[in-house]
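Engineer: just need the structure, nothing else, for what follows:
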Amino acid sequence: MKVVVTGSIATDNLMTFPGRFRELLVDGELDNVSLSFLVDELEIRRGGVGANIAFGLGVLGVTPVLVGAVGEDFAEYREWLEAHGVDTESVRVSTSQHTARFLCTTDADQNQIASFYTGAMVEAREIELAPVADRLGGIDMVVIGPNDPDAMTRHTQECRERGYPFMADPGQQLARLDGDQVRGLVDDATYLVTNEYERKLLAQKTGWSDEEILGKVETWITTRGPEAVTVHRTGEPDLTVTPPRERRKADPTGVGDALRAGFLAGIAADLGLERSVQLGCMVATLVIETVGTQEYRVERAEFGQRFAEAYGADAAAQIEPMLPAGSGD
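Structural biologist: Sure, this is the predicted structure:
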């Protein structure tokens, strides 16, 4: 399966605040907030939604094509991704901008406050998908992840015009996009992925009901944190999958990206919707147990054992053939 992943490519600056944000918010003063947090830890990690999803697909044995824009400071990051099975030939390198930066502070309750510097990401709007398809001999799935808004619109329009199936994953950009833009990103998607808050925001922005949204897409996947992932399809009962229990909560950054990667890897292996969502949940659990979005390891034996504990031995046997020996090393 030829999977093209479009989306942000960034360096993550992840900080840990030992207190709780809510304890520093003053009632009646939320329109005049001025806060500074003294953080205990700083981790500088590779990130960006597009790169995170591509990394996850790579370690699960799929060879995704990453499409996005970076700065000339990308060389080391490129080597890392290629070493983990990602095709980076279609990444555009800017001659004037730095690679994007994500700055995020997480408190003791796993709440987050974040900022994102776009940098070279703005040049993603200059990228056309047709040359990528020509190089690959076709495209089976395009992920439209959070990115420069014009790039997201362009990639989606091209998918519709050229008949490339696509996953609509507007994510963090929903806050910035207007109703027309959101409607354009969702219409005709093979898969739509949102979390529970994004689900409500998407309905608000588009003015569409849940039934109308389902009429625009084939499958709508809603993530609800540690509680469940629900798959919605018109005329079908909802499918609900509970994620495996995490061993510890280290860092929630990138959990959703890992879920998408695992899900798409399952689809690529023809595992079906339920098993693919379960696979996504297992990879997402590994990420929340790890600081950083691309620092987790998919160890074949341990992964299979934990998958069996969560979903049964038969389910584990189904995913075992797609777990490369030594994946994540």
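
Engineer: and the most centrally placed residue in the chain, what pLDDT?
Structural biologist: Geometric centre of the chain, nearest residue: Asp257, 2.5 Å, by CA atoms, centre = their mean. Looking at Asp257, its pLDDT is 97.

Engineer: test my guess that it contacts Gly56.
Structural biologist: Yes - counting by CB atoms under 8 Å, Asp257 touches Gly56, with 6.8 Å between them. C-beta: built from backbone N, CA, C; applies to glycine.

Engineer: quick one: low-confidence ranges for the protein?
Structural biologist: 326-329 (pLDDT under 70).

Engineer: quick check, Arg248 in a strand?
Structural biologist: No - looking at Arg248 with DSSP: H, G, I helix; E, B strand; the rest coil, it is coil, so not inside a strand.

Engineer: how near is it to Thr194?
Structural biologist: 27 Å (CB to CB, to the nearest Å).

Engineer: repeat for Ala308
Structural biologist: 29 Å.

Engineer: with just CA atoms, put the helix or strand where Gly280 lies into CSV.
Structural biologist: Assigned by DSSP states H and E, Gly280 falls within helix 273-288. This file holds the C-alpha atoms of helix 273-288, laid out as CSV (Å, rounded to 0.1, in the frame of the first residue of the first chain):
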residue,chain,number,x,y,z
LEU,A,273,-11.3,-1.7,10.9
GLU,A,274,-11.5,-3.2,14.4
ARG,A,275,-8.1,-4.8,14.4
SER,A,276,-6.5,-1.7,12.8
VAL,A,277,-8.0,0.6,15.5
GLN,A,278,-6.7,-1.9,18.2
LEU,A,279,-3.2,-1.7,16.6
GLY,A,280,-3.4,2.1,16.6
CYS,A,281,-4.4,2.1,20.3
MET,A,282,-1.5,-0.2,21.2
VAL,A,283,1.0,2.1,19.5
ALA,A,284,-0.6,5.1,21.1
THR,A,285,-0.1,3.5,24.5
LEU,A,286,3.6,3.0,23.9
VAL,A,287,3.9,6.8,23.1
ILE,A,288,2.2,8.0,26.3
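
Engineer: wait, Asp238 sits on Arg224?
Structural biologist: No - Asp238 is beyond contact range of Arg224, at 11.9 Å (criterion: CB under 8 Å).

Engineer: what touches both of the two?
Structural biologist: Between them, Asp238 and Arg224 share these contacting residues under CB atoms under 8 Å, 6 or more residues apart in numbering: Thr230.

Engineer: these two: who's more crowded?
Structural biologist: Between Asp238 and Arg224, counted using other CB atoms under 10 Å, Arg224 has the larger neighbour count: 15 against 11.

Engineer: who are the contact partners of that one?
Structural biologist: With CB under 8 Å, 6+ apart, Arg224 has these contacts: 195-196, 230.

Engineer: can you check Arg22 too?
Structural biologist: Here Arg22 is in contact with 109, 111 (criterion: CB under 8 Å, 6+ apart).

Engineer: same thing with Phe303?
Structural biologist: By CB under 8 Å, 6+ apart, the residues touching Phe303 are 282, 286, 323.

Engineer: now stretch 186-198 - C-alpha only, CSV.
Structural biologist: The C-alpha trace of stretch 186-198 is given here as CSV (Å, rounded to 0.1, in the frame of the first residue of the first chain):
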residue,chain,number,x,y,z
VAL,A,186,-13.8,16.9,5.1
ASP,A,187,-15.9,16.3,2.0
ASP,A,188,-15.3,13.0,0.2
ALA,A,189,-12.7,11.8,2.8
THR,A,190,-12.3,8.0,3.1
TYR,A,191,-11.4,8.5,6.8
LEU,A,192,-12.1,11.5,9.1
VAL,A,193,-10.2,11.5,12.4
THR,A,194,-11.0,13.8,15.3
ASN,A,195,-10.8,13.7,19.1
GLU,A,196,-14.0,14.4,21.1
TYR,A,197,-13.4,18.2,21.3
GLU,A,198,-12.4,18.5,17.7
